[in-house]
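Asker: need a structure here:
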Amino acid sequence: MATMSDVNFDSLYCLFKGEPGTRKSTQALSFPGPQYWFSWDRKMNGIMLPMKRWGIDPKTISYDDYDDWAAGKKQLEKLQVNCPYKTIVIDSITSMADMTLRQTMKLKYGVSRSSGAAAGKLVAGIAVNEIEDYNAESSALNELIALTKDINMFHKVNVILIAHVVKAEYRDTTKKTTHISRQIVTAGKNVAAKIPAYCGEVYHFNIEQGFVEGAGGDYSLLTEHTGDDFARSAIGLEKKIVFGDKPLYDTWVKPAIAKLINTNNTVNKF
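Answerer: Numbers count the residues shown, from 1 in each chain. Just a heads-up that it's a prediction; the model follows:
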(Lines give C-alpha, C1' and ligand atoms only; values in the text may rest on other atoms or scores of the structure.)
Protein backbone atom coordinates (compact mmCIF):
# COMPACT_ATOMS: atom_id res chain seq x y z
CA MET A 1 0.00 0.00 0.00
CA ALA A 2 1.35 3.43 -0.98
CA THR A 3 0.90 6.70 0.91
CA MET A 4 0.99 10.26 -0.40
CA SER A 5 4.60 10.51 0.78
CA ASP A 6 5.44 8.11 -2.07
CA VAL A 7 4.09 10.38 -4.81
CA ASN A 8 6.77 11.17 -7.38
CA PHE A 9 6.74 14.56 -9.12
CA ASP A 10 9.95 14.04 -11.09
CA SER A 11 8.07 12.08 -13.77
CA LEU A 12 5.02 13.90 -15.07
CA TYR A 13 2.20 12.61 -17.26
CA CYS A 14 1.22 15.57 -19.43
CA LEU A 15 -1.18 16.60 -22.14
CA PHE A 16 -0.11 19.53 -24.33
CA LYS A 17 -3.08 20.68 -26.40
CA GLY A 18 -3.76 23.63 -28.66
CA GLU A 19 -4.12 24.75 -32.21
CA PRO A 20 -1.28 24.06 -34.68
CA GLY A 21 1.69 26.39 -34.40
CA THR A 22 1.31 27.24 -30.70
CA ARG A 23 4.69 25.61 -29.81
CA LYS A 24 3.46 22.45 -28.11
CA SER A 25 6.23 20.33 -29.64
CA THR A 26 8.80 23.04 -28.96
CA GLN A 27 8.01 23.04 -25.25
CA ALA A 28 7.97 19.23 -25.11
CA LEU A 29 11.58 19.52 -26.29
CA SER A 30 12.39 21.55 -23.15
CA PHE A 31 11.80 18.53 -20.87
CA PRO A 32 14.75 16.43 -19.64
CA GLY A 33 16.66 14.24 -22.08
CA PRO A 34 17.44 11.83 -23.47
CA GLN A 35 14.07 11.85 -25.20
CA TYR A 36 12.24 9.48 -27.51
CA TRP A 37 9.57 10.80 -29.90
CA PHE A 38 6.77 8.82 -31.49
CA SER A 39 6.58 10.97 -34.61
CA TRP A 40 3.12 10.33 -36.04
CA ASP A 41 2.99 13.92 -37.34
CA ARG A 42 6.34 13.22 -39.08
CA LYS A 43 7.65 16.78 -38.87
CA MET A 44 10.66 16.52 -36.58
CA ASN A 45 12.46 19.19 -38.61
CA GLY A 46 10.12 21.68 -36.92
CA ILE A 47 12.03 21.48 -33.61
CA MET A 48 15.51 21.98 -35.06
CA LEU A 49 15.61 25.76 -34.47
CA PRO A 50 14.58 25.68 -30.76
CA MET A 51 16.96 22.75 -30.27
CA LYS A 52 19.85 24.89 -31.48
CA ARG A 53 18.62 27.97 -29.61
CA TRP A 54 18.52 26.10 -26.31
CA GLY A 55 21.82 24.27 -26.90
CA ILE A 56 20.29 20.78 -26.91
CA ASP A 57 22.52 18.01 -28.30
CA PRO A 58 20.64 16.47 -31.29
CA LYS A 59 22.05 13.06 -30.32
CA THR A 60 19.90 13.12 -27.16
CA ILE A 61 16.68 13.28 -29.20
CA SER A 62 15.72 9.95 -30.77
CA TYR A 63 12.62 9.33 -32.86
CA ASP A 64 10.87 7.07 -35.32
CA ASP A 65 8.24 8.06 -37.87
CA TYR A 66 5.06 5.95 -37.70
CA ASP A 67 2.29 5.40 -40.22
CA ASP A 68 0.24 2.82 -38.32
CA TRP A 69 -0.63 1.83 -34.75
CA ALA A 70 0.92 -1.66 -34.84
CA ALA A 71 4.52 -0.41 -35.07
CA GLY A 72 3.94 2.18 -32.37
CA LYS A 73 2.45 -0.39 -30.02
CA LYS A 74 5.42 -2.70 -30.58
CA GLN A 75 7.84 0.08 -29.61
CA LEU A 76 5.83 0.97 -26.51
CA GLU A 77 5.93 -2.66 -25.39
CA LYS A 78 9.72 -2.62 -25.77
CA LEU A 79 9.90 0.52 -23.62
CA GLN A 80 7.82 -1.22 -20.95
CA VAL A 81 10.72 -3.62 -20.47
CA ASN A 82 13.65 -1.29 -21.03
CA CYS A 83 13.38 2.49 -21.16
CA PRO A 84 16.68 4.42 -21.33
CA TYR A 85 14.91 7.77 -21.80
CA LYS A 86 13.82 10.48 -19.37
CA THR A 87 11.01 11.84 -21.55
CA ILE A 88 8.71 10.18 -24.08
CA VAL A 89 6.73 12.36 -26.47
CA ILE A 90 3.68 11.24 -28.44
CA ASP A 91 3.44 13.70 -31.34
CA SER A 92 0.55 13.64 -31.82
CA ILE A 93 -2.37 11.54 -30.58
CA THR A 94 -4.45 13.25 -33.28
CA SER A 95 -2.26 11.87 -36.06
CA MET A 96 -1.91 8.55 -34.25
CA ALA A 97 -5.71 8.17 -34.36
CA ASP A 98 -5.68 8.95 -38.08
CA MET A 99 -2.96 6.38 -38.71
CA THR A 100 -4.93 3.76 -36.75
CA LEU A 101 -7.91 4.31 -39.06
CA ARG A 102 -5.57 4.16 -42.06
CA GLN A 103 -4.26 0.83 -40.80
CA THR A 104 -7.77 -0.59 -40.65
CA MET A 105 -8.38 0.45 -44.26
CA LYS A 106 -5.07 -1.00 -45.45
CA LEU A 107 -5.90 -4.35 -43.91
CA LYS A 108 -9.56 -4.38 -44.96
CA TYR A 109 -8.90 -3.40 -48.55
CA GLY A 110 -6.52 -6.22 -49.09
CA VAL A 111 -7.99 -9.32 -50.67
CA SER A 112 -10.29 -11.28 -48.38
CA ARG A 113 -8.95 -14.79 -47.80
CA SER A 114 -12.42 -16.33 -47.95
CA SER A 115 -14.01 -14.50 -50.89
CA GLY A 116 -11.04 -13.13 -52.80
CA ALA A 117 -12.74 -9.70 -52.82
CA ALA A 118 -11.99 -6.40 -51.11
CA ALA A 119 -13.33 -6.45 -47.56
CA GLY A 120 -14.06 -2.74 -47.06
CA LYS A 121 -16.35 -0.01 -48.38
CA LEU A 122 -15.69 2.19 -51.40
CA VAL A 123 -17.27 5.55 -52.19
CA ALA A 124 -16.64 6.67 -55.78
CA GLY A 125 -13.70 4.30 -55.83
CA ILE A 126 -12.18 5.79 -52.65
CA ALA A 127 -11.69 3.58 -49.58
CA VAL A 128 -13.56 4.96 -46.56
CA ASN A 129 -13.80 3.94 -42.93
CA GLU A 130 -16.90 2.23 -41.57
CA ILE A 131 -18.51 2.56 -38.14
CA GLU A 132 -16.70 -0.42 -36.62
CA ASP A 133 -13.33 1.08 -37.58
CA TYR A 134 -13.80 3.76 -34.93
CA ASN A 135 -13.83 1.00 -32.31
CA ALA A 136 -10.28 0.22 -33.46
CA GLU A 137 -9.32 3.88 -32.96
CA SER A 138 -10.83 3.88 -29.47
CA SER A 139 -9.07 0.63 -28.57
CA ALA A 140 -5.71 1.92 -29.82
CA LEU A 141 -5.99 5.16 -27.83
CA ASN A 142 -6.99 3.22 -24.70
CA GLU A 143 -3.98 0.95 -25.20
CA LEU A 144 -1.73 3.97 -25.74
CA ILE A 145 -2.83 5.43 -22.39
CA ALA A 146 -2.36 2.10 -20.59
CA LEU A 147 1.13 1.47 -22.01
CA THR A 148 2.43 5.01 -21.46
CA LYS A 149 0.99 5.06 -17.92
CA ASP A 150 2.86 1.86 -17.15
CA ILE A 151 6.13 3.27 -18.55
CA ASN A 152 5.62 6.54 -16.68
CA MET A 153 5.03 4.89 -13.32
CA PHE A 154 7.47 1.97 -13.50
CA HIS A 155 10.45 3.69 -15.13
CA LYS A 156 9.80 7.19 -13.66
CA VAL A 157 9.74 8.75 -17.12
CA ASN A 158 8.03 11.96 -18.23
CA VAL A 159 5.30 11.29 -20.80
CA ILE A 160 3.92 14.07 -22.99
CA LEU A 161 0.85 13.56 -25.16
CA ILE A 162 0.48 16.27 -27.81
CA ALA A 163 -2.98 16.92 -29.25
CA HIS A 164 -4.58 19.32 -31.70
CA VAL A 165 -7.87 21.00 -30.84
CA VAL A 166 -10.86 22.35 -32.75
CA LYS A 167 -13.65 24.71 -31.69
CA ALA A 168 -16.91 22.98 -30.86
CA GLU A 169 -20.34 24.47 -30.16
CA TYR A 170 -22.62 23.11 -27.45
CA ARG A 171 -26.21 24.08 -26.61
CA ASP A 172 -28.10 23.48 -23.39
CA THR A 173 -31.33 21.48 -23.28
CA THR A 174 -33.37 24.59 -24.11
CA LYS A 175 -31.22 25.15 -27.22
CA LYS A 176 -31.09 28.85 -26.30
CA THR A 177 -27.67 29.05 -24.67
CA THR A 178 -24.57 28.29 -26.71
CA HIS A 179 -21.22 27.38 -25.21
CA ILE A 180 -18.11 27.28 -27.40
CA SER A 181 -15.01 25.39 -26.29
CA ARG A 182 -12.05 23.67 -27.89
CA GLN A 183 -11.91 19.89 -27.85
CA ILE A 184 -9.22 17.39 -28.79
CA VAL A 185 -9.38 16.27 -32.40
CA THR A 186 -9.79 12.55 -32.99
CA ALA A 187 -12.23 10.77 -35.28
CA GLY A 188 -14.28 9.51 -32.33
CA LYS A 189 -15.51 12.31 -30.04
CA ASN A 190 -16.08 10.18 -26.95
CA VAL A 191 -12.54 8.80 -26.72
CA ALA A 192 -11.04 12.28 -27.17
CA ALA A 193 -13.13 13.67 -24.33
CA LYS A 194 -11.78 11.23 -21.75
CA ILE A 195 -8.05 11.52 -22.53
CA PRO A 196 -7.44 14.60 -20.29
CA ALA A 197 -8.80 12.68 -17.28
CA TYR A 198 -5.70 10.46 -17.30
CA CYS A 199 -3.24 13.37 -17.30
CA GLY A 200 -1.96 15.07 -14.15
CA GLU A 201 -0.67 18.07 -16.09
CA VAL A 202 -2.88 19.50 -18.86
CA TYR A 203 -1.65 22.65 -20.56
CA HIS A 204 -3.66 24.56 -23.14
CA PHE A 205 -1.36 26.41 -25.56
CA ASN A 206 -2.35 29.67 -27.19
CA ILE A 207 -1.05 32.93 -28.64
CA GLU A 208 -1.48 35.90 -26.33
CA GLN A 209 -1.51 38.41 -29.16
CA GLY A 210 -1.48 38.36 -32.92
CA PHE A 211 1.62 38.76 -35.04
CA VAL A 212 3.29 42.17 -34.77
CA GLU A 213 5.90 43.16 -37.36
CA GLY A 214 9.32 42.78 -35.81
CA ALA A 215 7.97 41.22 -32.62
CA GLY A 216 5.97 38.12 -33.59
CA GLY A 217 3.42 36.80 -31.11
CA ASP A 218 3.50 36.16 -27.37
CA TYR A 219 3.12 32.40 -26.94
CA SER A 220 1.38 31.34 -23.75
CA LEU A 221 -0.34 28.46 -22.01
CA LEU A 222 -3.07 27.98 -19.44
CA THR A 223 -2.81 25.60 -16.48
CA GLU A 224 -6.30 26.19 -15.04
CA HIS A 225 -9.77 25.53 -16.43
CA THR A 226 -11.28 28.68 -17.97
CA GLY A 227 -14.69 27.26 -18.84
CA ASP A 228 -13.76 27.29 -22.53
CA ASP A 229 -10.43 25.45 -22.35
CA PHE A 230 -9.77 22.60 -19.94
CA ALA A 231 -6.40 22.74 -18.17
CA ARG A 232 -4.92 21.85 -14.80
CA SER A 233 -1.67 21.51 -12.89
CA ALA A 234 -0.86 19.45 -9.81
CA ILE A 235 2.54 21.06 -9.25
CA GLY A 236 1.43 24.61 -8.49
CA LEU A 237 2.14 26.40 -11.76
CA GLU A 238 0.67 29.86 -12.19
CA LYS A 239 -2.67 30.06 -14.00
CA LYS A 240 -1.22 31.61 -17.17
CA ILE A 241 2.37 31.39 -18.40
CA VAL A 242 3.58 33.65 -21.20
CA PHE A 243 6.67 31.73 -22.25
CA GLY A 244 7.70 33.33 -25.54
CA ASP A 245 11.05 31.76 -26.46
CA LYS A 246 11.89 30.52 -22.94
CA PRO A 247 12.07 26.76 -22.17
CA LEU A 248 9.03 25.72 -20.17
CA TYR A 249 10.64 22.98 -18.08
CA ASP A 250 13.72 24.78 -16.72
CA THR A 251 11.99 28.14 -16.29
CA TRP A 252 8.69 27.10 -14.71
CA VAL A 253 8.16 23.34 -14.26
CA LYS A 254 11.44 22.40 -12.56
CA PRO A 255 11.27 25.25 -9.98
CA ALA A 256 7.63 24.37 -9.23
CA ILE A 257 8.55 20.73 -8.59
CA ALA A 258 11.48 21.73 -6.37
CA LYS A 259 9.23 24.05 -4.33
CA LEU A 260 6.60 21.33 -3.96
CA ILE A 261 9.15 18.72 -2.84
CA ASN A 262 10.73 21.12 -0.34
CA THR A 263 7.31 21.95 1.09
CA ASN A 264 6.51 18.24 1.52
CA ASN A 265 9.86 17.61 3.20
CA THR A 266 9.23 20.48 5.63
CA VAL A 267 5.78 19.09 6.51
CA ASN A 268 7.24 15.61 7.08
CA LYS A 269 9.66 16.97 9.73
CA PHE A 270 6.81 17.90 12.07
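
Asker: and Trp37, helix, strand or coil?
Answerer: strand (DSSP: H, G, I helix; E, B strand; the rest coil).

Asker: and it, what is it in contact with?
Answerer: Trp37 makes contact with Met44, Ile61, Ser62, Tyr63, Asp64, Ile88, Val89, Asp91, according to C-beta atoms under 8 Å, 6 or more residues apart in numbering. Where C-beta positions appear, they are placed from N, C-alpha and C, glycine not excepted.

Asker: quick one, which of those residues are buried?
Answerer: For the contacts of Trp37, a neighbour count by 16 or more other C-beta atoms under 10 Å gives the buried set as Met44, Ile61, Ile88, Val89, Asp91.

Asker: got a markdown table for the contacts of Trp37, with distance to Gln80 and secondary structure too?
Answerer: Shown next, in a markdown table, are the contacts of Trp37 (distance: C-beta to C-beta, whole Å; DSSP: H, G, I helix; E, B strand; the rest coil):
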| residue | distance to Gln80 | secondary structure |
| --- | --- | --- |
| Met44 | 24 | helix |
| Ile61 | 21 | strand |
| Ser62 | 17 | strand |
| Tyr63 | 19 | strand |
| Asp64 | 16 | strand |
| Ile88 | 11 | strand |
| Val89 | 17 | strand |
| Asp91 | 20 | strand |
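
Asker: could you point out where the stretch 151-270 of the chain is predicted with low confidence?
Answerer: 166-192, 209-217, 264-270 (pLDDT under 70).

Asker: any idea how many residues pack against Lys78?
Answerer: Around Lys78 there are 10 other residues, counting by other C-beta atoms under 10 Å.

Asker: now swap in Asp150 and tell me
Answerer: Asp150: 14 neighbours (other C-beta under 10 Å).

Asker: got the contact list for it?
Answerer: Gln80 are the contacts of Asp150 under C-beta under 8 Å, 6+ apart.

Asker: then it would be within a strand, right?
Answerer: No. Asp150 is assigned helix when assessed by three-state DSSP, not a strand.

Asker: how far away is it from Gln80?
Answerer: Distance, Asp150 to Gln80, by C-beta to C-beta, to the nearest Å: 6 Å.

Asker: could you identify the most distant pair in the contacts of Trp37?
Answerer: Comparing every pair within the contacts of Trp37 by C-beta to C-beta identifies Met44 and Ile88 as the most remote, at 14.6 Å.

Asker: got the buried residues for stretch 60-78?
Answerer: Ile61, Tyr66, Asp68, Trp69, Gly72, Lys73, Leu76.

Asker: what do you get for stretch 18-32?
Answerer: Applying a neighbour-count criterion of 16+ other C-beta under 10 Å, one finds 18-19, 22-32 buried in stretch 18-32.

Asker: mind listing the helices for the chain?
Answerer: Counting by DSSP state H, the chain has these helices, from start to end: 24-29, 48-53, 69-81, 93-108, 133-155, 189-194, 248, 254-268.

Asker: and of those helices, who's closest to His164?
Answerer: Of all these, it is helix 93-108 that lies closest to His164, at 4.4 Å by C-beta to C-beta.

Asker: all set, thanks.
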